[in-house]
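Undergrad: fold the stuff below for me.
(3 chains)
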Amino acid sequence: MYQYVGLIVLFPLIGLLINGLLGRKIKNETIVGAIGSGAVGLSFLLTAAIFIDMLGMPADGRSQVVTLFTWIAAGDFTVSAAYQIDQLSVLMTLVVTGVGFLIHIYSIGYMHGDRGFWRFFTYLNLFIFAMLNLVLADNYLLMFLGWEGVGLCSYLLIGFWYDKKFPGVGITWTGDAGNKAFWVNRIGDFAFMIGMFLIFREFGTLTFNEVMGQADGRTVGEGTIFWITLLLFIGATGKSAQIPLFIWLPDAMAGPTPVSALIHAATMVTAGVYMIARNAALYALAPDTMMIVAIVGAVTAIMAASIGLVQNDIKKVLAYSTVSQLGYMFLALGVGAFTAGIFHVMTHAFFKACLFLGSGAVIHAMHEEQDIRYMGGLKRVMPITYWTFLISSFAIAGFPPLAGFFSKDEILWFAWADGSPLLWLLGAGAALMTAFYMFRMVTLTFEGEPRWARDKHPHEAPSSMTIPLIVLAALAVVGGFVGVPAVLGGGNAIHQWLHPVFAQAERIMALPEHHDHATEYLLMAISVAIALTGFWFGRRMFLADPEADKRIAAKTGGLYRLLANKYYVDEVYDATVVRPILKTSDSFLYRVFDVRLIDGFVNGLASTTAWVSSTLRFMQSGVVQNYAALIVLGLVVILGLLIFS
Amino acid sequence: MIPVHYYLILSAVMFITGVVGVLTRRNAIIIFMCIELMLNSVNLTFVAFSSYLGNEAGQMFVFFVMAVAAAEAAVGLAIVLALFRNKQTVNINEVNILKW
Amino acid sequence: MIPHVLNFILFIPLIGAAIVLLARRNNDAVRWTGLLFSLVTFIVSLALYFGYDPENPAMQFVEKVSWIPSLNVSYHIGIDGISMLLVVLTTFLTPIVLLSSWKSIQKQVAAYVALMLVLETAMIGVFVSLDTFLFYVFWELILIPMYFIIGIWGGKDRIYATVKFFIFTMVGSLLMLIAIIWLGYYASTLPGGEFTTDITRLFDIAPTIPLHLQSWMFGAFALSFLIKVPAFPLHTWLPDAHVQAPTGGSVILAGVLLKMGTYGLIRFNIQFFPQASLEYASLLSILGVVGIIYGALVSMVQKDVKKLVAYSSVSHMGFILLGLFGVTVQGMQGGIIQMINHGLSTGALFLIVGMIYDRRHTRMIEEFGGLARQIPVFATFFMIVTLSSIGLPGLNGFVGEFLILIGSFQSEVLGSIWYVVFASTGVVFAAVYMLWMYQRVVFGESRNPENAKLVDLSAREIGLLLPIILFIVWIGVYPSTFLSKSEPTVQRVVEKIEQVQRGEALTKTVSQP
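TA: Presented below is the predicted three-dimensional model:
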């Protein structure tokens, strides 16, 4: 089956070419939607077949590389278009194509009647194509192709409704939000590229297998490896919206909601996590970077969660929630729990996609209203959306036995055991906030009395939208059972599945085995308690008074404003980076240096020449007598010289 | 016999008179006459050297110069005449249409 | 294989120009004749691509006829892997340029087409000359048609721009002439030597010149080429020339003329003076890096789309400079492919700017907005070309930039990673200035009611852009088609410099058959 891996990538490419070139002509939404979804569906089926194939193989024979052709070669530098199929990439591919397929189906309903229907599906297929390259690549450069490719799709899809306004710091149009996403990502990509250059200089290759093969011979804590891993991590902070480059993700909500679900929640933003997991052996060699990763992850988790507490835009809440959940994943990677990180990527894809799609259904029903203060009581008119949304909210809040509980709890346990109690505390704090803001949102949106205008008639979404919701909600329920930890009597299937991928890293890190079951049970209990507390407060407070925010704001004043304004990070960047660069470029480099100095010099030279000429011109008086006088004068001088020298 | 340098000095005085006239006068006819004066001072030199050196070639040249001067006088005076007809003046300061 | 194919390629456009002038009364006939001749040239030039044998180290398709025997000057032409690609780029772009001027040039059509064809001959001549004297003749010949193209069909300040362009180039090329004569004279001072302008012979003679003399000649050549590239701070003629030039002129200027500078740097500076190249590699690389950042920053604040693209050229050409003087196979290969890339993507950008200018007679960013709704096909092409220009992986720009950066990063000649670290910021800035411009022009809402009258691209215009897009994708996905042709040549060039660096005696360049 492995040799067909190229087809997995090819199907979305075909889909995008058909829709991109002919979509305008086809016009029929069903056909366009079927082509777009079908392409991804085929990829999913093929991946599933390969996955089943893999199950029948010995654990250490599951990793293979399929080379298609040489992409770039110059001198001793060669990079191929080659795909690596192993336990990790297959898992990611399943998630990407599976969740991707559901979201494609959902989009048929959601984008119904949109002028750019075919364009939307073209972009989505392009995204799947790029994302598959990212996860299947066997080398850094092809991964980078996918990496930038998904960034491009993110850009195109954020600005999909290009003539729609979208407010933000330095942002007027949705396209500005797209630009912001692309630029911030490019800053990360800049670091990624330098990292790649360092890898090539250090290892002489850009192929994962060869680099990891050489990693064994390295000593832990080497300087170069530290820089490589740090630079790659900076790349990941861009793509996965971590401090300091997280600012683009909330503004990315300018795009259509399926995009937020697919790209800005389930798949693309987890690329950074995947990339670090792919480089686990390198990171294992750089404990300092691991520490930085863990701290950045934990701080991002709590910081984003705290912002999420006070947002009123349903998608913004979910966006900050995504940033926060991504923080968890990095926290897991940072403490060496790579499996837990990937596990959370998977479960998060299920419940967050479900939440976003649910919010999309709500927004649709409310005629593009996104402010939860003007919703309420929707559970009666859209029960399917309500129930799926609720289940996913329980999942993300970490209620056992839903998916989020197992993955989040595993992360918190490793943060405690292999990291430090402080990291655990940050994570637990974020978990409390998560539960709170999720149920604040659920309550304000679906419970209580309707607060929307009378002329709105919300209704349940069509089945093309509800079916994906139901499937995703089901996955959010059962998805966690692949990772039931041993203390709860589970087999932790995902851990065993991924073990060969991370075996090398674990060997290098040589983390101690944990047998402290008592602590693990205790932490688990605390987690559940936290989730319940958040749920209780979030629900109580806002069920009783939908305008509880105003009371809290009045009470906490400055703190509330700080959170509501997202810690003023956008403003700070704007004032310290964006404006100075623009100002220097415009009023110094261009107006002074280029125009005045360089061109001034050139034109000065020209006008000096002109001035000298026009001065000398007066010698050509046209009066023959003057010429004659000069001739005589010259003659006298020459004769004088001849006579007297 | 009168020494040759007497002739040369006379010739030089005539020549310089001519030069100064050409450079300072504004009347085209006077300038023209000064040029003739310069030519004749050269003729005088030629003749003086010819007799001093016993070489007739110098006197031959004088004939050439006189012939050229005659032709020049014809053309030059014609130009001055044409100029006067057009401009009613022979003052060269007023003939400056070729000047910048 | 066609005999004397290089002669044909060189002179078919010239013959075309003569015929065009004969038929100058009928504008349509003139346009078709010009297009036909340039297309024939392109088709014939494909023979170069398919007939070129990368493994053969000698110059290929050589023609040699004695021209001025007293000076040992001969009509000597031929190509290697580097010049082959540039010749094909030239013949590829010329028909596109002629087709792009179909509607926009309405006065003195015959003169325009004829000048373009003469220009094509001159450009090909520059790339194929194997004689410094011949090279100089073609180099200067380029100025004449270009001078008139800008001066006659240009914008408001065309005279200022064209004179500036002319004088800038002239200043540099005079120094080059001195160096050419000096080189020939140096050859005559060697035992048994004679005055020579033969490039293949100079390949062996020039590197033996003592460093202090080499440096002067290197400087004279370099100044001439750096002006043409144009490298910071000699670039200010470029924005003016581009803004004033008609669309076709801009495309040729960006697409081919700038490449003559970088081509000259490889052919003369690096191949003639390896020792001086090593000595001044850092200096030139610094100019490259400064150009990358400076060009990007300045282009960010431009209000005129064409000027923005012009400054972006300064940035892109900086990459090439960095690639060449890192003296690694990757860097130099990247530099060469980047020359092609820049020709394609910046050429296409100028075409696109021209298309919108033809419709609205303005290029000011603030005049547009919301074009995506009005003219979606235009917006799509514009997007693809923009992405190519900002170096998106999978499109051509990335291949060039990445090879340059990874090459120079490993470079022992530069010996520091900071060149590349700073140069890489150009990748970020490129995204900023291009996409910001794109956002303001194509997205959002129209800021001028005039825009409502815009009509989308015609079949002719789509036909112009499609071949370029094809190559943009092709090079991005499978660059080996082109890289493999130039690789052996580049290997030898780098090899030679490495020998000098190690202090070994130089191996003889294989002389002509």
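Undergrad: next, count neighbours for the closest residue to B:Val90 other than its chain neighbours.
TA: Spatially, and ignoring its direct neighbours in sequence, B:Val90 is nearest to B:Ala28 (4.3 Å; Cβ to Cβ, 6 or more residues apart in numbering or on different chains). Using the backbone N, CA and C atoms, a C-beta is placed for each residue, glycine as well. Per other Cβ atoms under 10 Å in any protein chain shown, the neighbour tally for B:Ala28 reads 19.
Undergrad: show me the contacts for B:Ala28.
TA: B:80, B:83, B:90-92 (Cβ atoms under 8 Å, 6 or more residues apart in numbering or on different chains).
Undergrad: list buried residues within these.
TA: B:80, B:83, B:90, B:92 (16 or more other Cβ atoms under 10 Å in any protein chain shown).
Undergrad: next one: the helix or strand harbouring the second one to chain centre, how far?
TA: Assessed by DSSP states H and E, B:Leu83 sits inside helix B:57-87. Centroid separation for helix B:57-87 versus its chain: 9 Å, with Cα atoms, centre = their mean, to the nearest Å.
Undergrad: with stretch C:178-197 instead?
TA: With Cα atoms, centre = their mean, you get 29 Å for stretch C:178-197.
Undergrad: tell me which residues of that stretch are tucked away?
TA: C:179-181, C:183-184, C:186-187, C:195-197.
Undergrad: now do the same end-to-end measure for it.
TA: Terminal residues of stretch C:178-197 lie 12 Å apart, using Cα to Cα, to the nearest Å.
Undergrad: contacts for that stretch?
TA: So stretch C:178-197 is contacted by C:71-74, C:131-136, C:201-202, C:205-206, C:209, C:213, C:216-217, C:220-221, C:272 (Cβ under 8 Å, 6+ apart).
Undergrad: whether the helix holding B:Leu83 contacts chain A - can you check?
TA: No - using Cβ under 8 Å from any Cβ of the partner chain, we find that helix B:57-87 stays clear of chain A, coming within 12.7 Å at best.
Undergrad: just checking, what packs against that helix?
TA: Judged by 3 or more Cβ pairs under 8 Å, 6 or more residues apart in numbering or on different chains; DSSP states H and E, helix B:57-87 is in contact with helix B:28-53.
Undergrad: how many residues are close by C:Arg440?
TA: Per other Cβ under 10 Å, the neighbour tally for C:Arg440 reads 20.
Undergrad: same question for C:Phe409.
TA: Counted with other Cβ under 10 Å, the neighbours of C:Phe409 add up to 26.
Undergrad: doesn't C:Val420 make contact with it?
TA: Yes - the pair C:Phe409 / C:Val420 is scored as a contact, 4.4 Å apart, by Cβ atoms under 8 Å.
Undergrad: which neighbours do those two have in common?
TA: Contacts common to C:Phe409 and C:Val420, judged by Cβ under 8 Å, 6+ apart, are A:Phe197.
Undergrad: ok, now which ones touch the closest residue to C:Ser173 other than its chain neighbours?
TA: Nearest residue to C:Ser173 in three dimensions, chain neighbours excluded: C:Ser224, at 5.3 Å (Cβ to Cβ, 6+ apart). Shown in contact with C:Ser224 (Cβ under 8 Å, 6+ apart): C:172-173, C:175-176, C:264.
Undergrad: quick check: pLDDT value at B:Trp100.
TA: Per-residue pLDDT puts B:Trp100 at 53.
Undergrad: coming back round to it: which one among the buried ones among the contacts of B:Ala28 gets closest to chain A?
TA: Closest approach between those and chain A, by Cβ to the nearest Cβ: B:Ile92, at 7.3 Å.
Undergrad: what sits against the closest one?
TA: The contact partners of B:Ile92, by Cβ under 8 Å, 6+ apart, come to A:623-625, B:26-28, B:31.
Undergrad: check the secondary structure at A:Thr434 for me.
TA: Secondary structure, DSSP: H, G, I helix; E, B strand; the rest coil: A:Thr434 is helix.
Undergrad: that one against A:Ala397, yeah?
TA: Yes - shown here, A:Thr434 and A:Ala397 form a contact pair, counting by Cβ under 8 Å, at 5.9 Å.
Undergrad: list residues touching both of these two?
TA: Common neighbours of A:Thr434 and A:Ala397 (Cβ under 8 Å, 6+ apart) are A:Gly534.
Undergrad: settle it for me: which of the two has more neighbours?
TA: Higher neighbour count among A:Thr434 and A:Ala397: A:Thr434, with 31 against 27, using other Cβ under 10 Å.
Undergrad: beyond the strand or helix carrying C:Ala379, next helix or strand please.
TA: Here C:Ala379 sits within helix C:376-389, counting by DSSP H and E. Per DSSP H and E, helix C:376-389 leads on to helix C:396-410 as the next helix or strand towards the C-terminus.
Undergrad: neighbours around A:Val95, how many?
TA: A:Val95 has 28 neighbouring residues, counting by other Cβ under 10 Å.
Undergrad: for whichever strand or helix holds it, packing partners?
TA: Element membership of A:Val95 [criterion: DSSP H and E] is helix A:87-110. With contacts taken as 3+ Cβ pairs under 8 Å, 6+ apart, helix A:87-110 sits against helix A:29-55, helix A:117-136, helix A:257-261, helix A:271-278, helix A:338-365, helix A:463-478, helix A:493-509.
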